[in-house]
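Enquirer: Below is the structure, and that's it, no one-letter string:
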């Protein structure tokens, strides 16, 4: 068993323009923001981004790095529609595949199981088929026991990823990842659907510590599906990473109401240490 710890720069060096990149978390919750910020410091572009979107999508869209977005929503939670995503979409900056949340999940399941698609009922009877003309339906080969009817279902294509970025509360050096908050989201599926999966975490700990104060069920990520681990304290900021920290609502509001160029010049021009220092300085100014 190998030590999979890496630096943020080592992770980003393995990414490249034109790839399909999955980003875990949910809206403005437990997003791998330190890795997203590091990605923004490179020239990587032309990405297909697969995400239950939040500020990860907003930042990448505003910076012009997304060619195609696959998502079920893009929100800041307390701010219903991510404003930088909205602005980029309104100017036609990227192609969009917007699907139902369950369809998105089953697309990840299909990729994780190396299947070309999975049949789902979600999406039937809605405009999701109209706005995604590439979607197809399939007829079940099995007749319903009571009606004798063979049901028509949506064939949700696999969301196969070149790489995935996710954020955990804890991880060990082998790649086992642990969430301690109220929801696992679908970070395990992102990792399993990807050719390479990189996990940032609040703290890297010894393997034995992972279950010392938390149930085994919190071990969401298996080392077999993880390529690299990066310790990034406060690395989900400004999104939440309960119970380690909540969402930084005042800073999120600043992000949402500041033109991207101005926000980037103040907070994204340097490395992660510079970002964290700039955030602390801004909070001091508000007191």
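Expert: Here it is on my side, so go on. Everything numeric in this text was worked out from a predicted model, so none of it was measured.
Enquirer: what comes up buried for stretch 109-129?
Expert: Residues of stretch 109-129 classed as buried by neighbour count (16 or more other CB atoms under 10 Å): 109-112, 117-120, 122-123, 128-129. The way it works is simple: take the backbone N, C-alpha and C, and place the C-beta from them, glycine included.
Enquirer: could those go into CSV alongside distance to residue 252?
Expert: Below are the buried residues of stretch 109-129 laid out as CSV (distance: CB to CB, whole Å):
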residue, distance to residue 252
109, 31
110, 33
111, 31
112, 31
117, 36
118, 35
119, 38
120, 33
122, 30
123, 31
128, 29
129, 34
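Enquirer: which pair in those spans the largest distance?
Expert: Greatest spatial distance among these (CB to CB): 112 and 129, at 24.0 Å.
Enquirer: picking up where we left off before, show only the entries of the buried residues of stretch 109-129 found in helices.
Expert: Residues of the buried residues of stretch 109-129 located in helices (DSSP state H): 109-112, 128-129.
Enquirer: Would you mind confirming that residue 101 is in contact with residue 71?
Expert: No: the criterion here is CB atoms under 8 Å, and residue 101 misses it with residue 71 at 9.7 Å.
Enquirer: mind listing what the residue lying closest to residue 108 once chain neighbours are set aside touches?
Expert: Closest residue to residue 108 in three dimensions, ignoring its sequence neighbours and counting by CB to CB, 6 or more residues apart in numbering: residue 189, at 3.9 Å. Residue 189 makes contacts with 105, 108-109, 111-112, as judged by CB atoms under 8 Å, 6 or more residues apart in numbering.
Enquirer: Pick the one among those closest to residue 161.
Expert: residue 111 (6.7 Å).
Enquirer: ok, and the closest non-adjacent residue to the closest one?
Expert: residue 193 (3.6 Å).
Enquirer: which helices and strands sit right next to the longest helix seen in the chain?
Expert: Counting by DSSP H, the longest helix found in the chain is helix 272-286. Using 3 or more CB pairs under 8 Å, 6 or more residues apart in numbering; DSSP states H and E as the contact test, the elements touching helix 272-286 are helix 33-40, helix 249-257, helix 260-267.
Enquirer: would you turn these into TSV with mean neighbour count?
Expert: Converted to TSV, the helices and strands packed on helix 272-286 look like this (neighbours: other CB atoms under 10 Å):
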stretch	mean neighbour count
helix 33-40	24
helix 249-257	16
helix 260-267	15
